[in-house]
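*Asks:* show me how the following folds:
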Amino acid sequence: LSRLSGSMNMEDCSSKMVAFSSQNIELPGQYSCDSEPNLSQNVTISLIETDYSILRRSDLSHTHQCRISIRGSDGLLNNFLLQNTAPKMTPRDERVAQFFELTNRLMAVHAPARQRNVRSVVPVIVPITPRIRLLKECSASTSLSSVYEDFCAAAGVDEVLPFIMAKNASVLSHPDFLFDGSPAEARAANRVRTYRTICETLVPNSILTDRVSALADSYEKLWYIRKQFATQTAVISYLSYLLSMGHQEPHKMFVSAQSGTTMFSDLHPLYSPDGLFASTGAVPFRLTRSMAHFLTPAGIHGTLTNSMMAVGSALKENEAFFEDYLFLLLQDDMEQQRAAIESSHAAETAKGEDGEEKKKEKDAVVDTDGDAIMGDADAAMGDGGPKGSKTIPYNVSVVKNMYCVLDRLDETTPINIPAVHDRTSC
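*Replies:* Below is the predicted model:
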């Protein structure tokens, strides 16, 4: 790959794909619009480029991913990543993409969001088989981890050294029982000292700014890229906070140096074993020092903050519709964890019933009049209903997660905007 710069000839592996051309087979990924597709205006496949690229990304395909280029009948070149994924990942990615598309539709009819052109780029995912899919992306897109690796290669810095230093920062010179003072405070102070050393000597704050500035043709284009990056980062960060979409590592965040479009890969809600939203970390979303340096303080307190407020107000204005859709989204997304949720609930219920049985036996021995036995029989019937009528724990987890999202929306909405459809009288 280093000798060929990641470019391979498709004729060596498939001569039929190189010679393929059709006026009937359409270009993948054209049916994500709101209107009814017009078959006469759809773009067909004119040819497949003879060269394809092999990219090394620590993503779904842990070894490598192939990028093929398809030229349509309109003359434009479309790039697709050929990914090998687990069968359960593609439906989850399509579900998240549908959620972002729905948010774009709500922001398109919301005046403050429409005035600021607040929207996110929805990834185009085309399933081929349960394990193979196509993902449309721009050829100029690069991940934040690639920016870091290119900087380390140019500066002659070992890219693994900062991680080793951060890991060794938690190791003290003496064991805890021989350490004079608080070991926890010493580890925290050592980690802070190591972090400052890494920032000052190894990895500066301006690596992302220098990379984009070198690729931008003019200051106007740099301003446009920075504005688009701030707007789309705000939308993705706010929605990821609402749905507890964690694990936002640098290799999952892609930025286009031509248009500033920002995309996240493998962005899914995180659940705990009991089915509730899991903690996404110490911060609600990712805003590293390199991203903050690229956005500048004016972009953070201006475009980024205003875009987040616009997204929150657009969802709050359509809260009734958003609540219904949110229930369906979470119910479908949590379906694969249904067995784990019900088994965990059954184990807790059995443990609680064992404790109750022991308590009943003890009370029955102590109470000779039999009042405790009658009381336990009444309690087993519940409030006017039989003991067998129980609420399904899976649906309870879905409803709790839904109201958790709505509570976060209420906490972050800047103004108490009345909903379009009032449900207080329902």
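
*Asks:* which stretches of the stretch 101-250 of the chain form strands?
*Replies:* Counting by DSSP state E, counting those that start in this stretch, the stretch 101-250 of the chain has these strands, from start to end: 125-127, 132-136, 141-143.

*Asks:* for residue 261, find the nearest of those strands.
*Replies:* Closest approach to residue 261 among the strands of the stretch 101-250 of the chain (CB to CB): strand 141-143, 7.5 Å. From N, CA and C alone the C-beta is placed, and that goes for glycine too.

*Asks:* which strands and helices sit next to the closest one?
*Replies:* Contact partners of strand 141-143 among helices and strands, from 3 or more CB pairs under 8 Å, 6 or more residues apart in numbering; DSSP states H and E: strand 253-256.

*Asks:* mean confidence for the strand it packs on?
*Replies:* The pLDDT scores in strand 253-256 average 86.

*Asks:* could you do stretch 344-352 as well?
*Replies:* Stretch 344-352 shows a mean pLDDT of 70 in the predicted model.

*Asks:* and stretch 43-57, by the same measure?
*Replies:* Across stretch 43-57, pLDDT averages out at 83.

*Asks:* what is the burial count for the residue lying closest to residue 393 once chain neighbours are set aside?
*Replies:* Excluding its sequence neighbours, the residue lying closest to residue 393 (CB to CB, 6 or more residues apart in numbering) is residue 345, at 3.8 Å. For residue 345, the neighbour count with other CB atoms under 10 Å is 18.

*Asks:* in what helix or strand does residue 345 lie?
*Replies:* Residue 345 belongs to helix 338-366 when elements are defined using DSSP states H and E.

*Asks:* any idea how far the nearest residue to residue 117 once chain neighbours are set aside is from residue 154?
*Replies:* On the basis of CB to CB, 6+ apart, the spatially nearest residue to residue 117 that is not a chain neighbour turns out to be residue 231, at 7.1 Å. As defined by CB to CB, to the nearest Å, residue 231 lies at a distance of 30 Å from residue 154.

*Asks:* what ranges does this structure have for its helices?
*Replies:* Under the criterion DSSP state H, the chain carries helices at the ranges 15-18, 89-108, 111-115, 144-155, 161-168, 183-197, 207-215, 219-242, 289-299, 305-317, 319-333, 338-366, 371-381, 393-412.

*Asks:* which residues touch residue 205?
*Replies:* Contacts for residue 205 (CB atoms under 8 Å, 6 or more residues apart in numbering) come out as 199, 289-290, 292-293.

*Asks:* out of those residues, what pair is the most spread apart?
*Replies:* 199 and 292 (12.3 Å).

*Asks:* any stretches of the chain with poor pLDDT?
*Replies:* Segments of the chain classed as low confidence (criterion: pLDDT under 70) are 1-6, 33-35, 57-64, 280-281, 348, 350-392, 414-426.

*Asks:* residue closest to the middle of it?
*Replies:* Centroid check for the chain by CA atoms, centre = their mean gives residue 267 as the closest residue, at 2.3 Å.

*Asks:* phi first, then psi, for that residue.
*Replies:* As for residue 267, its main-chain torsions (degrees, to the nearest 10) stand at phi -110, psi 110.

*Asks:* got it, and residue 158?
*Replies:* Note on residue 158: backbone dihedrals following degrees, to the nearest 10 are phi -70, psi 120.

*Asks:* state the distance from the spatially closest residue to it that is not a sequence neighbour to residue 191.
*Replies:* Of all residues beyond its chain neighbours, the one nearest residue 158 is residue 152 (7.0 Å), with distances taken as CB to CB, 6+ apart. To residue 191, residue 152 is 21 Å away according to CB to CB.

*Asks:* who has more neighbours out of these two?
*Replies:* The residue with more neighbours, out of residue 152 and residue 191, is residue 152; 18 against 14, by other CB under 10 Å.

*Asks:* my guess is that one meets residue 162, correct?
*Replies:* No - using CB atoms under 8 Å, residue 152 is not in contact with residue 162; the gap is 9.0 Å.

*Asks:* residue 195: what's it in contact with?
*Replies:* Residue 195 is in contact with 166, 169, counting by CB under 8 Å, 6+ apart.

*Asks:* good, we can wrap up now.
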